[in-house]
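Asker: let's see this in three dimensions:
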Amino acid sequence: MKERNPAFEVVSRMEDDVASVARWAEVLGLLGSTPHMIDPSAIHAIAEPIRDIGKRLNEQWSEAFDIVAGRR
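Answerer: Here you go, the predicted model:
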C-alpha cells in the first residue's frame, strides 16, 4: 500500500473552510443585490468569521506547501 503524502491531511482539513467561503460569498452576493439598506453593524458581524476562515486557510495552505517542500 502506498503511503499517503502528509500534505494530504492538511489539505483535507481545509475542506470545510473552503465550503464556508463559498457559502459566505453567496450571502454577500445576496446582501449586495438587495434594494434595502443594510445596517453596517450587520456587515461588520460577517467580517470576523470570514477573516478567521481566511487566516486558517492561509496557515493550512502554508503548512501543506512546507510539507511538500520538505520543510516540515
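Asker: low-confidence regions, this protein specifically.
Answerer: Within the chain, the set of residues satisfying pLDDT under 70 is empty.
Asker: run through the strands of it in chain order.
Answerer: For the chain, no strands are identified by DSSP state E.
Asker: so residue 38 sits against residue 27, correct?
Answerer: No: applying C-beta atoms under 8 Å, one finds residue 38 not in contact with residue 27, separated by 11.3 Å. C-beta coordinates here come from the backbone N, C-alpha and C atoms, glycine included.
Asker: and the lengthiest helix in the chain, what does it pack against?
Answerer: The residue-count maximum for a helix in the chain (DSSP state H) belongs to helix 40-68. Applying 3 or more C-beta pairs under 8 Å, 6 or more residues apart in numbering; DSSP states H and E, one finds that helix 40-68 makes contact with helix 6-13, helix 15-32.
Asker: in that helix, which residues are buried?
Answerer: 53, 57, 60, 63, 64, 67 (16 or more other C-beta atoms under 10 Å).
Asker: which one of the helices and strands packed on helix 40-68 lies closest to residue 72?
Answerer: helix 6-13 (7.9 Å; C-beta to C-beta).
Asker: tell me the gap between that closest one and the middle of its chain.
Answerer: 14 Å (C-alpha atoms, centre = their mean, to the nearest Å).
Asker: quick one: common contacting residues for residue 38 and residue 27?
Answerer: With contacts defined as C-beta atoms under 8 Å, 6 or more residues apart in numbering, no residue is shared by residue 38 and residue 27.
Asker: minimum distance to residue 47: which of the helices and strands packed on helix 40-68 has it?
Answerer: helix 15-32 (10.0 Å).
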